[in-house]
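Peer 1: heads up, no residue letters with this:
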């Protein structure tokens with residue numbers, strides 16, 4: 001019988017389309033390690049350093065840089081060259097003093113938007129679930145695989161709300177409620193990357209629930225509410241586009 005267990009390898013033509021690699025540049029691609037983001041929603045650190053930032057010309061060079069602590073994710077040194085990096089993660093390259101936030105882009109892609117050192121001190125995390133624990137505790141399950149445990153009486157958050165979390169300490173600094181008239185960005189579907197104001201929520205049940213977004217250009221977009229990520233009340237609390245202060 002053949003070996004059982006998860007696949008350890010990934011061919012280039014099977015890698016996500018948004019990865020910045022040449023599909024015919026070889027046979028194999030880097031398969032991300034198990035971590036905070038899934039294969040379909042993340043990019044491994046080796047690909048980021050070599051293909052996205054061009055700070056290495058080969059996989060061996062990229063691996064060596066990462067093993068020597070040349071890349072930080074959410075304020076922590078990551079020495080796993082296959083560590084998965086995804087939505088809202090903060091990437092720091094100490095040698096060049098550069099900071100980036102991972103944001104959704106048009107065409108199902110992810111973009112690395114340059115940010116300031118001050119903004120790199122926090123990230124936004126969407127609550128995707130809640131779990132009741134013993135001793136009056138509640139666990140908030142976040143989109144990036146992290147969890148936050150609170151006393152039940154101090155838990156005022158709902159699923160789809162977004163937390164502003166200090167990194168790497170994982171301390172909650174603020175929260176943004178998921179409701180109409182909030183600033184949002186679309187993280188999936190054909191309208192991924194669009195941003196605007198949430199003007200209405202549909203009455204459909206469960207995952208079928210829809211929402212209407214008024215974009216910056218004044219256009220209305222209908223999408224699934226699960227694709228919405230609130231980023232502010234009157235204005236976004238993070239930089240969303242190049243050139244913004």
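Peer 2: Received it, and whenever you're ready, just let me know what you need. Everything numeric in this text was worked out from a predicted model, so none of it was measured.
Peer 1: now do the lengthiest strand in the chain, average pLDDT.
Peer 2: Longest strand of the chain, by residue count under DSSP state E: strand 122-133. When the per-residue pLDDT values of strand 122-133 are averaged, the result is 95.
Peer 1: what lines up beside that strand in the sheet?
Peer 2: Taking DSSP bridges as the criterion, strand 122-133 forms sheet pairs with strand 137-142 (antiparallel), strand 162-166 (antiparallel).
Peer 1: low-confidence stretches in the chain?
Peer 2: Of all residues in the chain, those with pLDDT under 70 make up the ranges 1-6, 245.
Peer 1: hey, which helix is longest across it?
Peer 2: Taking DSSP state H as the assignment, the helix of the chain that covers the most residues is helix 59-67.
Peer 1: give me the contacts around that one.
Peer 2: 30, 45-46, 49-50, 55-56, 71, 78-81 (C-beta atoms under 8 Å, 6 or more residues apart in numbering). Heads up, the C-betas are built off the backbone N, CA and C, glycines and all.
Peer 1: residue 92: which of the residues you listed is nearest?
Peer 2: For residue 92, the nearest member of the contacts of helix 59-67 is residue 71. The distance, counting by C-beta to C-beta, is 7.4 Å.
Peer 1: surely the closest one and residue 93 touch.
Peer 2: Yes: in this structure, residue 71 is within contact of residue 93 by C-beta atoms under 8 Å, at 6.3 Å.
Peer 1: more neighbours: which of those two?
Peer 2: Looking at residue 71 and residue 93 with other C-beta atoms under 10 Å, you find the greater number of neighbours at residue 71, namely 26 against 17.
Peer 1: mind listing what the more buried one touches?
Peer 2: Under the criterion of C-beta under 8 Å, 6+ apart, the contact list for residue 71 reads 45, 48-49, 65, 77-78, 91-93.
Peer 1: farthest pair within these?
Peer 2: The largest distance within the contacts of residue 71, taken as C-beta to C-beta, falls between 48 and 77 and amounts to 14.6 Å.
Peer 1: the two: which is more packed in?
Peer 2: When neighbours are counted by other C-beta under 10 Å, residue 48 and residue 77 differ, and residue 48 comes out ahead with 27 against 14.
Peer 1: having no further points to raise, I will conclude here.
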